[in-house]
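# what follows is a predicted structure for the sequence shown.
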Amino acid sequence: MVRRSGRGTPATAELGGHATNTASPPAEKPGQERQVPMGEETVGSGLQGGEGGGGAAELDAAGRGADLEISVKMDPRVLECSVCFEPLRPPIYQCEVGHAVCFICRGKLCNTCHICSRGIGNCRCFALEQVVDTIKMACSNADLGCDKMITYYLKENHEISCMYAPCFCPEDGCSFKGSTGSLLNHFVAKHEWSQTKFQYNKALRISVKRHSRFKLFVGEDMSMFLLVNIFTHIGNALTLICIRPHECGSSYSSMISAVHGAEEDRGRYVFQMDPHVTSSSLNGGVQLGKFFLMVPPYLVDESTDEVTINLRIDMKSSASSCH
Ligand SMILES: [Zn+2]
Ligand SMILES: [Zn+2]
Ligand SMILES: [Zn+2]
Ligand SMILES: [Zn+2]
């Protein structure tokens with residue numbers, strides 16, 4: 001239940017928890033429309049000094065922007081429903097005294113306030129709705145390049161699909177994480193991986209050392225694919241993973257076949273098609289997944305200790321765009 005305290009909300013004013021415990025008469029005006037500029041995601045927040053490495057710093061300046069925005073520091077619990085601890089979002093309801101609950105919990109409370117036992121009817125808490133609608137926070141991936149300022153209660157939604165979410169290095173003992181671009185640099189600079197550039201929809205013939213765990217492929221669109229090679233006593237299991245933080249944007253299929261290098265054995269091969277290449281941030285390492293190609297030992301060229309494979313990756317579609 002502990003929420004990460006927001007970056008980009010430096011101190012100028014304390015707005016401590018007086019939103020839920022002050023007994024105040026019901027002051028809402030039923031039927032009145034809220035006129036809050038709605039909290040869609042905005043880029044850069046309109047404050048000056050917008051770049052300078054990491055969006056969180058944007059608001060640091062003076063706490064007050066050109067368009068009368070202020071920066072505040074506050075206890076995030078004030079913005080959570082006191083029943084379910086989820087971020088409050090409109091419609092927010094309140095009891096006769098003024099204790100606020102989210103609309104889902106209001107339905108479960110049978111019209112009785114869980115704090116003071118007074119009634120919760122249809123009284124909306126418009127003041128708090130305005131507050132949660134106007135509070136914007138920097139994305140947690142601001143230091144990785146995301147410059148979105150997100151309405152408080154939509155932050156989690158955004159981060160589920162934020163394309164700046166980190167990917168992880170799969171090498172044993174390495175804890176590097178970063179954007180896909182910095183991960184690619186890391187592979188090359190730190191682990192001296194070679195990257196094989198390829199074109200979609202075209203087969204590629206490569207050799208993979210029997211004990212070499214990873215081989216990196218980079219598409220024309222700079223998407224990264226990792227061929228994972230797991231050596232077992234019954235052969236080598238090969239699988240392909242697209243390295244990216246979320247499953248969104250283009251989707252890919254793949255075909256992998258392994259052939260014997262010797263001419264007389266050309267007829268022997270194994271083949272596997274994956275209609276949907278798995279995407280992974282590699283958080284938690286590499287997994288074989290549902291689809292993999294099992295290459296039996298007799299297809300490994302003993303003289304070079306290599307498996308010769310044909311790999312083809314197809315770009316299927318551009319699905320939903322990501323935030
Ligand atoms: Zn709730
Ligand atoms: Zn109450
Ligand atoms: Zn983001
Ligand atoms: Zn690493």
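Everything's here; your move. Ligands and ions are numbered 1, 2, ... in the order given.

# tell me the residues of the chain that contact ligand 3?
139, 141, 146, 148, 162 (CB under 5 Å from the ion). For glycine as for every other residue, the C-beta is placed from the backbone atoms N, C-alpha and C.

# which pair in these spans the largest distance?
Maximum pairwise distance among those (CB to CB): 8.9 Å, between 141 and 148.

# overlap in contacts, these two.
Here residue 141 and residue 148 share the contacting residues residue 162, scored by CB atoms under 8 Å, 6 or more residues apart in numbering.

# strands of the stretch 51-200 of the chain, start to end?
For the stretch 51-200 of the chain, the strands defined by DSSP state E, counting those that start in this stretch occupy 92-94, 100-102, 136-138, 148-151, 167-168, 177-178, 195-197.

# and the residue nearest to residue 171 when sequence neighbours are not counted, what does it touch?
Among residues not flanking residue 171 along the chain, residue 191 sits closest, at 5.7 Å (CB to CB, 6 or more residues apart in numbering). Taking CB under 8 Å, 6+ apart as the contact definition, residue 191 lies against 169, 171, 174.

# I'd like to know which of these is nearest to residue 74.
Distances from residue 74 to the contacts of residue 191, taken by CB to CB, are shortest for residue 169, at 36.3 Å.

# neighbours of the residue lying closest to that closest one once chain neighbours are set aside, how many?
Counting by CB to CB, 6+ apart, residue 176 is the residue found nearest to residue 169 once chain neighbours are left out, at 4.1 Å. By the other CB atoms under 10 Å criterion, the neighbourhood of residue 176 contains 16 residues.

# low-scoring stretches of this structure, by residue?
Applying pLDDT under 70 to the chain picks out residues 1-67, 261-267, 318-323.

# go again using 80 as the cut-off
Counting by pLDDT under 80, the ranges of the chain that qualify are 1-68, 248-249, 260-268, 287-291, 317-323.

# pull the longest helix from it.
Longest helix in the chain, counting residues (DSSP state H): helix 180-191.

# contact residues of the stretch 101-250 of the chain facing ligand 2?
Contact residues, the stretch 101-250 of the chain versus ligand 2 (CB under 5 Å from the ion): 113, 115, 116.

# neighbour-wise, which of those leads?
Busiest of these [other CB under 10 Å] is residue 113, holding 22 neighbours.

# residue contacts, the residue nearest to that residue when sequence neighbours are not counted?
Among residues not flanking residue 113 along the chain, residue 95 sits closest, at 3.5 Å (CB to CB, 6+ apart). Shown in contact with residue 95 (CB under 8 Å, 6+ apart): 101, 113, 115, 116, 118, 119, 120, 123.

# ok, residue 314 next?
So residue 314 contacts 200, 201, 252, 253, 254, 255 (CB under 8 Å, 6+ apart).
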